[in-house]
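K.L.:
predicted structure and sequence below. I'll ask about it afterward.
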Amino acid sequence: MGQRAVREAGALLARARRVVVFTGAGVSAESGVPTFRDALTGLWGRFDAQRLATPAAFADDPELVWGWYESRRAAVRRALPNAAHVAVAAIEARLPGTVVVTQNVDDLHERAGSVAPIHLHGSLFAPRCSACAAPAPVPPAAEEPGEGRSAPPRCGRCSALVRPGVVWFGEALPAAAFEAAVEAASACDLLLTVGTSGLVHPAAEIPLVAARLGASVVQVNPGETPLDGVADVNLRAPAAEVLPELVRAAWGVDVA
Ligand code: APR
């Protein structure tokens, strides 16, 4: 990784007082959790994720869609937080008031020690009733994690089908979460965007809100994104490799 870019980003982090860390699927990639743009595998290989992650797909075939989310939850349960998640938690520990905003539906930030990440797209661990929205119990880790269709449970209150607690394409983001994310982005002096393609709105607005209001922006992504022109520093490297380097450059602290 270009050491000059890491030093520049480290200086921005060392000076920062109010940090927002905005993450996408790339921060969990090195934990073995496929990014959303990775090709789907197994039973779902023939589907495009954007077709499965919709209310219509669930209405049309609840067992196919529920089974897919069960297999994704099983994969997350088998995964471990990686050095990027640990570095993000280290930033929070060093700078209380840091806000983590994630598009991910896994719980790896929490398991790495992040206190209360804002989940803009919900969570695999927050199923709810598809009719009355009552929270439903998280199904226990199956001995043999499903790789197939699976019948969704029924709501204990109204008996309608339980659905995954994630935001599907075409659905609105949870208003409170989005407002909290915009508020944090409006008040920060540094926004660190990590592992997101920056393609899906309105979540992708968050780094732009921070940049428009004068915050510095550091991007961590091995690939190119629409944020390349917005970022003050682009760290073109995998997050698990470069986030620990960034924390070391800022504070001389070794994480993970
Ligand atoms: N470190 C950092 N970034 C990485 C790594 C890595 N090791 N590996 C991949 N990436 C980057 C890719 O270059 C890509 O830009 O992570 C990004 C993943 O992009 P997406 O798969 O589009 O995931 P994300 O940006 O989180 O998608 C946003 O869209 O698909 C919906 O709801 C879904 O929350 C998701 C949202």
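P.N.:
Thanks, I have the structure now.
K.L.:
doesn't residue 181 lie inside a helix?
P.N.:
Yes: when the secondary structure is assigned by DSSP: H, G, I helix; E, B strand; the rest coil, residue 181 falls within a helix.
K.L.:
residues from the chain in reach of the ligand?
P.N.:
By CB under 6 Å from any ligand atom, the part of the chain that sits against the ligand consists of 24-26, 29-30, 35-37, 103, 121, 195-197, 199-200, 220-223, 225, 238-239. All C-beta atoms are positioned from the backbone trio N, CA, C, and that covers glycine.
K.L.:
in helices, which of the residues you listed appear?
P.N.:
26, 29, 239 (DSSP state H).
K.L.:
tell me which element residue 58 is part of?
P.N.:
Following DSSP states H and E, the helix or strand that holds residue 58 is helix 55-60.
K.L.:
same question for residue 250.
P.N.:
Taking DSSP H and E as the definition, residue 250 sits inside helix 239-251.
K.L.:
tell me the mean pLDDT for that helix?
P.N.:
Predicted confidence along helix 239-251 averages 98 (mean pLDDT).
K.L.:
buried only: go through the residues of the chain next to the ligand for me.
P.N.:
The neighbour-count test (16 or more other CB atoms under 10 Å) applied to the residues of the chain next to the ligand identifies 24-26, 29-30, 35-36, 103, 121, 195-197, 200, 220-221, 225, 238-239 as buried.
K.L.:
mind giving me the packing neighbours of the worst-scoring helix or strand of the chain on mean pLDDT?
P.N.:
Sorting the helices and strands of the chain by mean pLDDT, DSSP states H and E puts helix 49-52 at the bottom, at a mean of 82. The helices and strands touching helix 49-52, judged by 3 or more CB pairs under 8 Å, 6 or more residues apart in numbering; DSSP states H and E, are helix 62-78.
K.L.:
who does the helix it packs on touch, helix- and strand-wise?
P.N.:
Using 3+ CB pairs under 8 Å, 6+ apart as the contact criterion, the neighbours of helix 62-78 among helices and strands are helix 49-52, helix 55-60.
K.L.:
want to throw those helices into TSV with distance to residue 186?
P.N.:
Rendered in TSV, the data for those read as follows (distance: least, CB to CB, whole Å):
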stretch	distance to residue 186
helix 49-52	30
helix 55-60	31
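K.L.:
contacts only, for residue 102.
P.N.:
Contact criterion CB atoms under 8 Å, 6 or more residues apart in numbering gives 22, 23, 24, 27, 109, 117, 118, 119, 120 as the residues in contact with residue 102.
K.L.:
and the first one, which of the three is it?
P.N.:
When the structure is split into helix, strand and coil by three-state DSSP, residue 22 lands in strand.
K.L.:
need the helices and strands packed on helix 62-78 in CSV (columns: distance to residue 215 and mean neighbour count).
P.N.:
Written out in CSV, the entries for those read as follows (distance: least, CB to CB, whole Å; neighbours: other CB atoms under 10 Å):
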stretch, distance to residue 215, mean neighbour count
helix 49-52, 30, 16
helix 55-60, 35, 15
